[in-house]
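Enquirer: For reference, the sequence and a predicted model appear below.
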Amino acid sequence: MNWAEIRSHFPALAGTVYVNTAGGGPMCREAWEAARGYLDAFYERGDTEWDYWLQRVEEVRGQLAGFLGARPAQVAFLANASSGLNLVADIFEGDGDVLALADDFPSVTLPWLVRGRNLRFVESRANGVVPLDAIVEALGPSVRVLAASLVQYRTGFRLDLGAVSRLCRDRGVRLVVDATQAFGTIPIDLGATPVDALVFSAYKWATAGYGIAPLLLSAELLEERPLPSAGWRSAREPYALEATRLELTREARGLELGHPPFAGIVALGGALELFESIGLPAIEERIRELTDQLHRGLDALGRTILSPREPGQRAGITLVASDEPAQTARELRERGVLVSARGNGIRISMHFYNDEGDVQSLLRALRELP
């Protein structure tokens, strides 16, 4: 794989050690060109290509569905992951207690808390690890929903999605997954590993920029439950423009309510073209190699790693202990190294567009710090 050529698809990397993808990734050239094409057309020709852009929406819907082992009818395009998670909380209204991870991102837990749902929390072990047996132990008879990020935003701990999916199916528990810190780094096959709902924001590892966050619902859920919101494009036949009868689609697109977020959707389509040309197995291996190099360098510097070390439990995120995380992050930024301060450390994110030079520059900057 020509990683240097692939890196050239991300001009934001020039002159910067960009290891902050978990906070927000640069947009790839393919996504930018696709979004620019939509905006240029609207600017130059007005709303004359509505049918074409609707066609592109459906093409990207199918493209994403294939990427995740799902069907197009399962895909809804929303503006952000929090919107999707709130819709999912409405779909599962009255379904019993919810189990969540205590260290998870607030977007996963707040939609349930604001609705007055009873949440139980599983505490993390050392380095952010949440063992499967801890989840099993917490799944009491009243728990009917498990909501969790596939990869934890702070430590990078990665759930065993296959094992969690089987557990939830065996127990009759609904599984809701936020894949924001996972999509674009590890393969996800919803055909082989079913979940009830999966959402991700595309401005991080998906490299598609802000404004697009797909939500995928299982085919069974779409058959069993009505959609909790409706707009004119939620109708079975949207262009019938029927205002006096409620005849809603059973497809996830009904949750888009009105006009699709065209720019974000086509940008995601462009990013998917890049990901498909590389292949997720190659991306996952590239991230593993760079993270291994990073960990060896951090060990040599005597830095404490607060993330899992086992390959099956980690993703592209490494948390490094720091007495003053915010100050350390600022000092690294002054040296051209972009990281995030999270909890009791600095969070470093390695994606496929990083290289060995980024790792060495980061380690050199850490060595220079007092």
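Expert: Nice, I can see it.
Enquirer: What about Gly46, how many residues nearby?
Expert: For Gly46, the number of neighbouring residues by other Cβ atoms under 10 Å comes to 9. Placement of C-beta: from N, CA and C, glycine included.
Enquirer: now it: how far from Glu247?
Expert: As defined by Cβ to Cβ, to the nearest Å, Gly46 lies at a distance of 32 Å from Glu247.
Enquirer: Show the contacting residues for Gln152.
Expert: Shown here is Gln152, whose contacts under the criterion Cβ atoms under 8 Å, 6 or more residues apart in numbering are 101, 103-105, 124, 128, 158, 181, 317.
Enquirer: Asn205 is in contact with Thr185, isn't it?
Expert: To be clear, residue 205 is Trp; Asn isn't right here. Yes. At 5.2 Å, Trp205 and Thr185 qualify as touching, with contact defined as Cβ atoms under 8 Å.
Enquirer: what is in contact with these two at once?
Expert: With the criterion set as Cβ under 8 Å, 6+ apart, the overlap between the contacts of Trp205 and Thr185 is 316, 351.
Enquirer: which strands and helices sit next to the top helix by length along the chain?
Expert: Longest helix in the chain, counting residues (DSSP state H): helix 280-301. With contacts defined as 3 or more Cβ pairs under 8 Å, 6 or more residues apart in numbering; DSSP states H and E, helix 280-301 has these neighbours: strand 317-321, helix 356-368.
Enquirer: want to try JSON lines for the ones you listed, with mean pLDDT and distance to Met350 as columns?
Expert: Shown next, in JSON lines, are the helices and strands packed on helix 280-301 (pLDDT from 0 to 100; distance: least, Cβ to Cβ, whole Å):
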{"stretch": "strand 317-321", "mean pLDDT": "98", "distance to Met350": "7"}
{"stretch": "helix 356-368", "mean pLDDT": "97", "distance to Met350": "8"}
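Enquirer: circling back to that earlier point, just among the contacts of Gln152, which is most surrounded?
Expert: So for the contacts of Gln152 (other Cβ under 10 Å), the most neighbours sit at Ile317, 29 neighbours.
Enquirer: Who are the contact partners of it?
Expert: Shown in contact with Ile317 (Cβ under 8 Å, 6+ apart): 22, 151-156, 181, 307, 347-349.
Enquirer: at 10 Å what do you get?
Expert: By Cβ atoms under 10 Å, 6 or more residues apart in numbering, the contact list for Ile317 reads 21-22, 128, 151-158, 181, 185, 205, 287, 291, 307-308, 340, 342, 347-350.
Enquirer: Identify the residue nearest it in space, chain neighbours excluded?
Expert: Nearest residue to Ile317 in three dimensions, chain neighbours excluded: Gly156, at 2.8 Å (Cβ to Cβ, 6 or more residues apart in numbering).
Enquirer: Quick check, the one you found in contact with Arg347.
Expert: Yes. Taking contacts as Cβ atoms under 10 Å, Gly156 lies within contact range of Arg347: 8.1 Å.
Enquirer: what is in contact with the two at once?
Expert: Each of 22, 306-307, 317-319 lies in contact with both Gly156 and Arg347 under the rule Cβ under 10 Å, 6+ apart.
Enquirer: Alright, that wraps it up for me.
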